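Enquirer: Sequence and predicted structure below; questions after.
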Amino acid sequence: MAFAVAVDIGGTFTDLVAYDHENHRVAYAKSPTTYGNFVEGILDCFNKVKLQPEAASFVNHGTTLVINALIQRKGAKAALVTTTGFRDVLEIARGNRPDPFDLHYRRDDPLIPRPLRFEVPERIGSQGEIVTPLDSAALTALAGKIKSLGIEAVAIFFMNSYANPVHEEQAAAALRALLPGVFITCSTELTREWYEYERTSTVAANAYVGPQVTTYIRRLEDDLASQGFSGTLYMMGSNGGLLSVERTCRQPVGLVESGPIGGCIGAGAYAETLGLKNVIAFDMGGTTAKCALVEDGRFSVDSIYYAGGYVKGFPIKSSVINIVEVGSGGGSIAWLDPQNRLSVGPQSAGSTPGPACYGTGGTEPTVTDANLVLGRLNPDRFLGGELRLDTAAARKAVQKIGAPLGYAGADGLTRMADGIIALATVIMAGAIKTISIEHGRDPREFVLFCYGGGGPLHASALARELSIPTVVIPPEPGNFSAVGMLLADARLDVSKTFTGRLSDTTVASLKDAFADMEAEARATLVRDFGAGEVLFERFGEMRYVGQRHNIKVPLPDTADPAAIRTSFDRDYKRRYGHADARANAEFQALHLSAFSRMRRPELKWLPRAQGGSATPQRRQVYFGAAGTLDAAVFDRTALPVGFKGQGPALIEEYGSTTLIWPGDRFEVGTFGELRIQCGQG
Amino acid sequence: MQEALNHKHAAHAIDPITLEVVRHAMVSITNQIDANIKRTAFSAYIYEYNDFAVGLTDADGMLVAQCTGGMPPFVADSVGMAVRDGLHIYGKERLHHGDVVLCNHAAVQGQHLNNTVMYTPIHAGASRDALVGFFAINVHWIDIGGCVPHSTDIFMEGLQLRSIKLMSKGEPIEEVYRIIENNTRQPVELMGDIAAQLAGCLLGRDLIAALVDKYGAETFERAVDVILEQSEAAARALIRSMPDGTYTSETFLDNDRAGDEPLPIRIKVVVAGDEMTIDYSGIAGQVKGPINSGWFGGGQTTARVAFKYLMGAGEMANEGTFRPLKLILPPGKILSADPTAPMGNYSTPFPTVIDAVIKALEKALPARVPGGHFGTHSGVRFHGRRADGAFFGTHDSGHGGWGACATHDGAGPFRTMAHGDTRIIPLELQETYLPVRIEAFSLREDSGGAGEFRGGLGFRKRYRMLAPCGLQTNLDRTKFPPWGVQGGKPGEPGRFLLVEGATGRERPIEKEKGLQLKAGDLVSVETGGGGGYGPPQARTLERIQRDLDGGYVSKAAAERDYGVTVGTDGKARRETMDDRK
């Protein structure tokens, strides 16, 4: 047997998908996340699908462990070693106040406090020259101090190391020898780009989560091995590719967006198979909604990520899928300010106390409560009936904010609930507009691809808000992140600072630089994944001379500066609506993405086995201006490929419900996907 | 039910949900355009400094919504002033769909001429004939000619554009482009920024027009009215929470850059019921140096920025917010200068004025008013020629400590209250483009004022010159340090030092306009710290110890300011009553 398994550990649930490559059988399981020992939840999922770990050839694993440790400040006792004079770079940060009128604005504290930030004499100049040699005696003395303080991890950052990493490498080697068992990491192992604060912050974060991630992965490997697993464990990287365990243990910050990435990979795979050129991947969960653009089956990857958000958090220079996230999920709370102005989110009831209708202590009205009041959720079939929803509690919560706004009686309650959804829809549509406008795209030219527990419920309303004609709901929207992980490639992103005006000479040295990066990436992929064919994508961070902001341009495989210029002008114009034929162009950095295809399941085998009756039940559901209508309620697993229907309707399945508005038509596609053509208005 | 609702808001029959949907959509559009400009602009002023703001006004030029970020002085209503001037000159009937207008005029905005508002009317309806508002963007144009900082009147400061059309009915007016392009030292950057500003205006206009069309012009206009009323109600609620009375504060700017006399900043704030009057009658008169500003661009702007700080970040700034705020400001003051006065560095007094208005309310809002912040641009400008003969010049600004508040030590180092999301220029970038090596970039120990909560620290940045270089500095509040509140102590003022490479001699850098540095010289910028909050004796031992352990406060300062003794083990002890016996 050769099962491929993907496991996604989320805040509330652990999801598992197993796929048998020989018999094309698929199995899904969901189990509560087991804090304390995550492996229990995973093994519980194996039990539920009646699969022995020994039958799995490999396990792809995504986890929110890293981001949680960073945000909840549950990482290691870490120290920072810097060039003399620069230990405060981490604390001074960039000195900006993204919330300009907050008189009491403060950034979150640095991950490594000042008493644990040490300096050693050394200095590299801006051209990479050695100005002051590394003082190894001082470093040795420092190692003694670090040992005596019981420090678990050390981050090393030296000025201008991006131009010459030799001192960082020497210091890392020396400390590894002097401090066995301590997690040692240096900035240039993670990024070769300039900007001292961003590099310091990245290496500090890496050290902070290093010991915990290493321990977790080793334990997971051991526990799986003790259950007979003899395949390979891969981790899901934030760049959308799989990472080897060895690499993850050196670069745990590479997992920072490991959780949400799966869905984007899945959206890319479906888009490619379905021949959809432009897709907006939209994921609505319990606390947030996230969206990403997928063009030609590819999502864009940024090289910077703000843990804890741009306003108060800190940057990590790492390849992370470009996602826009808003605080609008099923658990988001609707509330009134002192002027009785209605808002939805970003506060969330989360899983504890949860929405009022969960009956687990929540009393504030949430988006889920509003959906229940409007008849859009079935109180008896939520999560396959595992959680019975309390409609009376939902009504009471919604009424609480309806009354001050003048919404009274049954009709008022409905209008209030509808208002909560309307506002959430505008907020989510705003996120989609932001990501499209930032990339110079028009959302109307995209297909809306929705998943996550809440995505399918809001998909059609969102599409109308954005004038998007077509919505696609993949099979298993509630497990879709795990599904996507099953479809991931091995991937490696490498970047380095590379400056110079676009000219014959720069293009020649650019080819050399890529050749070096490609050789290194290929060797790594071969070593970690036994990769056969390795595919490369090359990008330049470019701008017009004089600009400060770069755009990432795919570089054609050519030594012709004119072709590169054409590519840059085209992308620039597409993004910004204008290009400048007179201005010179210049490089700031090079990025290389290296891929190696893993064995992928065929999408047509992914839907669950068919069963049940295609004859719908009926329910009263509220549809905005059309009022409360008698809607057909289908069981998704009962709908065969080619099945067609129209709104008003609901399509229920485990973990999600799709709402079909009056005027919408839907069809079950070849791969089990629901394709909805949205009506007007 | 609906009848009841209509009755309740007889004048504005709009249901609260539609209202919120329109409000969120409006703010979201200004933020989307904000993001778009940041990514398209050519010059660092926009991308790194965020020296711009995006706004929406109603058909009469009253501010309705703005982007969340942006520079505070722009957020106060810089765009509205410009639009109203255009309305005055052209009238609504001569501002057509597709027109784009520019304004940077001193008599209108009263700020330096770089700040140029571009706006375009928004017409709703299928035939685009119903004027519903204006989409406006204020951008710091990188160079418009002129000879700041040596100017003595506004005419030495560059090109003035008073409500000039850049486009007419969708057609660019090439003559105006030619005038602009040939009156700047940096045409490539400026024309690039203008293209970004124009693209933002037009896209913003179309997004707002689509929103209006979706809900109907009547609903949109009612939503605007209610949004302004709600903001007004929130502002009045804040003022009502303060005891009625007359509140004052006094501080001084070091000088006007032309002479060396301190300039008084005397503030009077009168709180009466739900109205507040800020009285600037006691501030310095118009000065010779280029640090003047006009009544709207200086006086009203600083008053509104201060008020907005007190309102807090959650409240959107619009015309409604400022309805209960009155301003008394006679003409001829430094913040109400004649339109011909030099204004090149118009914002120099702003941080101090804004801070002083907030300070005046120390007793009225004890939980909200923090200690003073370092409050000065603390700028250094290096300029010269590289080995290859190419000119270089760069502004580097100082970030300093902010005041402590009722619950926390002061934050920072940040830039001043007249700045916002303005980021420090990376040192590795500076070392690549300038002939300097940065030898230290660290927090400045003991610079925060003592208190139950300590003021934030300034920083210390040391530049070693690798080649000869010219230097200009812009430092203030050296004689009148950032104050403490509620018994807290003042923060340390900033200072600039020069250590001569040849002799090792150290001396302070005063107000020198044209200092020539040699290779090997060291310039040390030490920025000011924030004022403390509450009496130092009330500071907990735990906080004092944390300061000592982190080196934020030295042993000597801890013993002096907090009355503790620090043992050889580094532990602070406070004398107890028993010890004293």
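Expert: Okay, I see it. Residues are numbered from 1 along each chain as shown, chains lettered A, B, ... in the order given.

Enquirer: okay, and for chain A, where does confidence drop off?
Expert: Confidence mapping of chain A against pLDDT under 70 gives the ranges A:1, A:546-549, A:575-578, A:680-681.

Enquirer: Give the residue farthest from the middle of it.
Expert: Residue farthest from the centre of chain A, counting by CA atoms, centre = their mean, is A:A137 at 43.3 Å.

Enquirer: how many neighbours does the closest residue to chain A within the stretch 201-350 of chain B have?
Expert: In the stretch 201-350 of chain B, the residue found nearest to chain A is B:A313; the distance is 3.9 Å by CB to the nearest CB. (C-beta placed from N, C-alpha, C; glycine too.) Per other CB atoms under 10 Å in any protein chain shown, the neighbour tally for B:A313 reads 17.

Enquirer: Is it in contact with A:F101, as I believe?
Expert: Yes: counting by CB atoms under 8 Å, B:A313 touches A:F101, with 4.8 Å between them.

Enquirer: ok so the residue farthest from the centre of chain A is a helix residue?
Expert: Yes: A:A137: assigned to a helix according to DSSP: H, G, I helix; E, B strand; the rest coil.

Enquirer: quick one: the helices in chain B?
Expert: Secondary structure of chain B (DSSP state H): helices located at B:2-8, B:16-40, B:44-47, B:72-75, B:78-90, B:174-181, B:187-215, B:217-240, B:301-311, B:350-360, B:427-433, B:541-550, B:555-562, B:577-580.

Enquirer: Where does the residue most central in space within chain A sit: helix, strand or coil?
Expert: Against the mean C-alpha coordinate of chain A, by CA atoms, centre = their mean, the closest residue is A:P260 at 3.4 Å. Going by three-state DSSP, the secondary structure assigned to A:P260 is helix.

Enquirer: mind listing what it touches?
Expert: Applying CB atoms under 8 Å, 6 or more residues apart in numbering or on different chains to A:P260 gives the contacts A:283, A:290, A:321, A:323, A:481.

Enquirer: Show me what the first one is bridged to.
Expert: Going back to what we said before, that points to A:D283. With DSSP bridges as the criterion, A:D283 is bridged to A:K290, A:Y451.

Enquirer: Cross-check the contact I'm expecting between it and A:P456.
Expert: No: with contact defined as CB under 8 Å, A:D283 and A:P456 do not form a contacting pair (10.9 Å).

Enquirer: ok, the nearest residue to A:L387 once chain neighbours are set aside to A:F382 distance?
Expert: Using CB to CB, 6 or more residues apart in numbering or on different chains and skipping residues adjacent in sequence, the residue nearest A:L387 is A:Y358, 6.6 Å away. Between A:Y358 and A:F382 the computed distance is 9 Å (CB to CB, to the nearest Å).

Enquirer: One more: B:R444?
Expert: Between B:R444 and A:F382 the distance is 57 Å, computed by CB to CB.

Enquirer: Same check on A:T202?
Expert: In this view, A:T202 and A:F382 are 41 Å apart by CB to CB.

Enquirer: what is A:L342 paired to in the beta sheet?
Expert: A:L336.

Enquirer: Can you name the residues that contact the residue in the stretch 1-150 of chain B that chain A sits nearest to?
Expert: Of all residues in the stretch 1-150 of chain B, B:I17 sits closest to chain A, at 3.4 Å by CB to the nearest CB. Neighbouring residues of B:I17 by CB under 8 Å, 6+ apart: A:342, A:415-416, A:418-419, A:422-423.

Enquirer: what does the model give it for pLDDT?
Expert: We have a pLDDT of 87 for B:I17.

Enquirer: swap in the one 5 residues further on?
Expert: Turning to B:V22, the model gives it a pLDDT of 90.

Enquirer: pretty sure it is touching B:T219, no?
Expert: Yes: at 7.4 Å, B:V22 counts as touching B:T219 under the criterion of CB under 8 Å.

Enquirer: Between these two, tell me which one has more neighbours.
Expert: Set side by side, B:V22 and B:T219 show more neighbours around B:V22, with 24 against 17, by other CB under 10 Å.

Enquirer: which parts of the stretch 251-400 of chain A sit against chain B?
Expert: A:337-343 (CB under 8 Å from any CB of the partner chain).

Enquirer: secondary structure class for the residue lying closest to A:Q347 once chain neighbours are set aside?
Expert: Sequence neighbours aside, A:I333 is the residue nearest to A:Q347 in space, at 4.9 Å (criterion: CB to CB, 6+ apart). Using three-state DSSP, the structure places A:I333 in strand.

Enquirer: what about A:I333, neighbour count?
Expert: Per other CB under 10 Å, the neighbour tally for A:I333 reads 24.

Enquirer: Can you name the residues that contact it?
Expert: Applying CB under 8 Å, 6+ apart to A:I333 gives the contacts A:344-345, A:347-349, A:364-366.

Enquirer: State the number of residues packed around the closest residue to A:L70 other than its chain neighbours.
Expert: Spatial nearest neighbour of A:L70, excluding adjacent residues (CB to CB, 6+ apart): A:A307 at 4.7 Å. A count of nearby residues for A:A307, using other CB under 10 Å, gives 21.

Enquirer: Contact partners for A:A307?
Expert: A:67, A:70-71, A:205, A:256, A:313-316.

Enquirer: sorry, back to before: if you count what's nearby, which of A:T202 and A:F382 comes out ahead?
Expert: Counted by other CB under 10 Å, A:T202 and A:F382 do not tie: A:T202 has more neighbours, with 29 against 21.

Enquirer: isn't the more buried one right up against A:P315?
Expert: Yes: A:T202 lies in contact with A:P315 (CB under 8 Å); the separation is 7.1 Å.
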